[in-house]
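S.K.: I would like to see how this sequence folds:
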Amino acid sequence: MSEPGQSRWNRVLLKLSGEAFAGEKPFGIDGGAIGKIADDIVDARNNLGVEVAVVVGGGNIWRGITGAASGLDRAQADYMGMLATVMNALALQDVLEQKGIPTRVQSAIVMPQVAEEYIRRRAIRHMDKGRVVIFAAGTGNPFFTTDTTAALRAVEIEAEVLLKGTHGGVDGIYSADPRTDSSATKIGALSYLDVLNKDLRVMDSTAITHCMENKMPIVVFDLMGEGTLHGLLTGSSIGTMVS
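M.R.: Next up, the predicted model:
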């Protein structure tokens, strides 16, 4: 347990789904939702002194697997999805900087007019200087999810934990879907093998395996709940720990 007003982790990787950017809308970017996410990051950085990196998805704009299902080439559809994550990253960067937070977007696809190229050592240097680093364009390769990107980047930047933020009101991992099964119970902690063997679909299996091999803990929590990120960082029993 951390001391009151102190974070139990110094450097974290926050994984945001693209759908979180849409808020209550079916797609697109909602200003209120992105403002709430930004406020939580500002609080973590300014009030708790946490070094924050973010990996963003793009499902609020485009999902590669959906495009493939409609007849597009899967690799081409995935590249389109990577461009959607850049749009979300730029939106989050703009809101954070309006709130006075120095921010850098690093893209796995080179586009120097709008973002830095992803370079591991440069990302770490930014974080050492107190900047929030937002990783966009996934891994830069088709067929890999942004969950896998989050696992990869968390290990690369030597984060202490990967925080997987959900957006549908579910505050962790349950025995069943609590939205459809009233008997579902929340699970406080699981092993990586439990997640894989039970096919819990918290993150894709490649991401879970990478975290397991590198001993990177994962916390699944409700990103959009009031004060949940602050409470999680300061030691409250929030979400589900996978380790």
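S.K.: mind checking how far the residue lying closest to residue 32 once chain neighbours are set aside is from residue 86?
M.R.: Nearest residue to residue 32 in three dimensions, chain neighbours excluded: residue 23, at 5.8 Å (C-beta to C-beta, 6 or more residues apart in numbering). In this view, the C-beta of every residue, glycine as well, is placed from N, C-alpha and C. Residue 23 sits 20 Å away from residue 86, going by C-beta to C-beta, to the nearest Å.
S.K.: Report how many residues lie close to residue 134.
M.R.: 29 (other C-beta atoms under 10 Å).
S.K.: for the one 10 residues further on, same thing?
M.R.: Residue 144 is surrounded by 19 other residues when neighbours are defined as other C-beta under 10 Å.
S.K.: Helix, strand, or coil at it?
M.R.: coil (DSSP: H, G, I helix; E, B strand; the rest coil).
S.K.: Report pLDDT for it.
M.R.: Looking at residue 144, its pLDDT is 95.
S.K.: What of the one 3 residues further on?
M.R.: Predicted confidence (pLDDT) for residue 147: 97.
S.K.: any chance you could map the strands in the protein?
M.R.: Remark: strands assigned in the chain by DSSP state E are 11-16, 51-56, 103-107, 116-117, 132-136, 161-166, 173-174, 186-187, 189-190, 218-222, 240-242.
S.K.: Against which helices or strands is the fourth one packed?
M.R.: Same thing as strand 116-117. strand 103-107 (3 or more C-beta pairs under 8 Å, 6 or more residues apart in numbering; DSSP states H and E).
S.K.: Show me what the strand it packs on is packed against.
M.R.: Right, strand 103-107 is packed against helix 74-98, strand 116-117, helix 120-128, strand 132-136 by 3+ C-beta pairs under 8 Å, 6+ apart.
S.K.: try it again with 6 Å
M.R.: helix 74-98, strand 132-136 (3 or more C-beta pairs under 6 Å, 6 or more residues apart in numbering; DSSP states H and E).
S.K.: winner for burial among those?
M.R.: strand 132-136 (a mean of 28; mean count of other C-beta atoms under 10 Å).
S.K.: and the strands of the chain as TSV, adding distance to residue 211?
M.R.: Listed next are the strands of the chain as TSV, based on distance: least, C-beta to C-beta, whole Å:
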stretch	distance to residue 211
strand 11-16	10
strand 51-56	13
strand 103-107	21
strand 116-117	25
strand 132-136	16
strand 161-166	6
strand 173-174	14
strand 186-187	17
strand 189-190	12
strand 218-222	6
strand 240-242	8
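S.K.: Quick one: closest of the ones you listed to residue 201.
M.R.: Nearest of the strands of the chain to residue 201, taken as C-beta to C-beta: strand 173-174 at 9.7 Å.
S.K.: Pairing partners for that closest one, with directions?
M.R.: Its sheet considered, strand 173-174 pairs with strand 186-187 (antiparallel) by DSSP bridges.
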